[in-house]
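Q: Got a predicted structure here, sequence first:
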Amino acid sequence: MRETEEVFVMTTQDDHAHFSEEVARGFRKEWFLGEQYTEDCLLAIREHDRSWIRLDDMPIWNDYAAVPFTFIDYPVLPKLVMYELGLDEVEKMSSYAALLCSMHFASFFKSVQGAGHEAEVDFYQRELARQARLKTMLNDPDEAMITRHFQLLQLCDDISLYICMNKEGVSKEHEHPWFKQGFNSLVDGQKFIAEWISPYEVRIDPPNLFQQACKVHLRHKRVSKQRINEIGIHKAYLESEWTDQIVNFV
């Protein structure tokens, strides 16, 4: 989500994840280290925020900050319940995709061990157990391949967040602070930096990520602050039309 004077520009986590998959499908094939599990990796990228589908159906208001809750500050206990439900659903689609998605969600809580909320610690431990079980079911896939696919998932997540959280065409100096120095997600130690070069075009350096220039679609809603004040966040969100944004990676 991002904010203007008059509206909140809101993207569901599921739409953000589908955008992530479209981005990944534009990558050079060699980034996936062969064809084995490539489609499962792409499935994981598409479904990595499946847990948010039900939460995003009804946006809720953060009274303290006077903005809708986002993935950053959403209350942790309902979020954990839905994380686990979403991972269970992905596992029914693909064990390998569920492994990658579990690694992604567990990474949020790696630092809470011994210091976090009991529910966070329990979630993290359950996901480590899920990962061990899935690896055994899959006859212990190559760890280098798993690591690469996990890195690609996190990179696509970052690229999509970059689009969702920045105004189209924004200058580098006015970007969201998360992205000014490039993405935190590395692929074998390589760092990528994105930059809007027009309201419709984004360049990512180094320029060896994509097979060729590609066009990706992202939908969002521009929810009026005035309507939120009049009828509440949920009704204002429901009545807002979907807008299709086109992003060209060049």
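A: Received, thanks.
Q: starting at the chain centroid, how far to the helix ranked longest in the chain?
A: Counting residues, the longest helix found in the chain (DSSP state H) is helix 143-165. Distance of helix 143-165 from its chain centroid, counting by Cα atoms, centre = their mean, to the nearest Å, is 8 Å.
Q: Could you write out the alpha-carbon coordinates of it in PDB?
A: Extracted in PDB, the C-alpha atoms of helix 143-165 (Å, rounded to 0.1, in the frame of the first residue of the first chain):
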ATOM      1  CA  GLU A 143      20.300 -28.000  -1.400                       C
ATOM      2  CA  ALA A 144      22.000 -25.600  -3.800                       C
ATOM      3  CA  MET A 145      18.900 -25.700  -6.000                       C
ATOM      4  CA  ILE A 146      16.500 -25.200  -3.000                       C
ATOM      5  CA  THR A 147      18.600 -22.200  -1.900                       C
ATOM      6  CA  ARG A 148      18.600 -20.700  -5.400                       C
ATOM      7  CA  HIS A 149      14.800 -21.100  -5.800                       C
ATOM      8  CA  PHE A 150      14.300 -19.600  -2.300                       C
ATOM      9  CA  GLN A 151      16.500 -16.600  -3.300                       C
ATOM     10  CA  LEU A 152      14.500 -16.100  -6.500                       C
ATOM     11  CA  LEU A 153      11.200 -16.200  -4.600                       C
ATOM     12  CA  GLN A 154      12.500 -13.500  -2.200                       C
ATOM     13  CA  LEU A 155      13.900 -11.400  -5.000                       C
ATOM     14  CA  CYS A 156      10.600 -11.500  -6.900                       C
ATOM     15  CA  ASP A 157       8.800 -10.600  -3.700                       C
ATOM     16  CA  ASP A 158      11.100  -7.500  -3.400                       C
ATOM     17  CA  ILE A 159      10.700  -6.500  -7.000                       C
ATOM     18  CA  SER A 160       6.900  -6.600  -6.600                       C
ATOM     19  CA  LEU A 161       7.000  -4.700  -3.300                       C
ATOM     20  CA  TYR A 162       9.100  -2.100  -5.000                       C
ATOM     21  CA  ILE A 163       6.300  -1.500  -7.600                       C
ATOM     22  CA  CYS A 164       3.500  -1.600  -5.000                       C
ATOM     23  CA  MET A 165       5.200   0.800  -2.500                       C
END
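Q: Does it pack against any helices or strands, and if so which?
A: helix 13-24, helix 38-47, helix 95-107, strand 201-205, strand 214-224 (3 or more Cβ pairs under 8 Å, 6 or more residues apart in numbering; DSSP states H and E). No exception for glycine: its C-beta is placed from N, CA and C like everyone else's.
Q: Of all the residues in it, which ones are buried?
A: 145-146, 148-165 (16 or more other Cβ atoms under 10 Å).
Q: what residues does whichever helix or strand comes after it touch?
A: Proceeding N to C from helix 143-165, the next assigned helix or strand is strand 193-198, under DSSP states H and E. The contact list for strand 193-198 (Cβ atoms under 8 Å, 6 or more residues apart in numbering) reads 159, 162, 166, 168-172, 179, 181-183, 202-205, 250.
Q: residues touching the residue nearest to the spatial centre of the chain, list them.
A: For the chain, the residue nearest the mean C-alpha position is residue 157 (3.9 Å; Cα atoms, centre = their mean). Counting by Cβ under 8 Å, 6+ apart, residue 157 touches 17, 20, 45, 48, 104, 185.
Q: List the contacts of residue 37.
A: Contact analysis of residue 37 by Cβ under 8 Å, 6+ apart lists 96, 141, 145, 149.
Q: give the contact list for the second one.
A: Going back to what we said before, that points to residue 141. 37, 96, 135.
Q: Of the contacts of strand 193-198, grab the buried ones for PyMOL.
A: A single PyMOL command selects the buried members of these (16+ other Cβ under 10 Å):
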select buried, resi 159+162+166+170+179+182+183+202+204+250
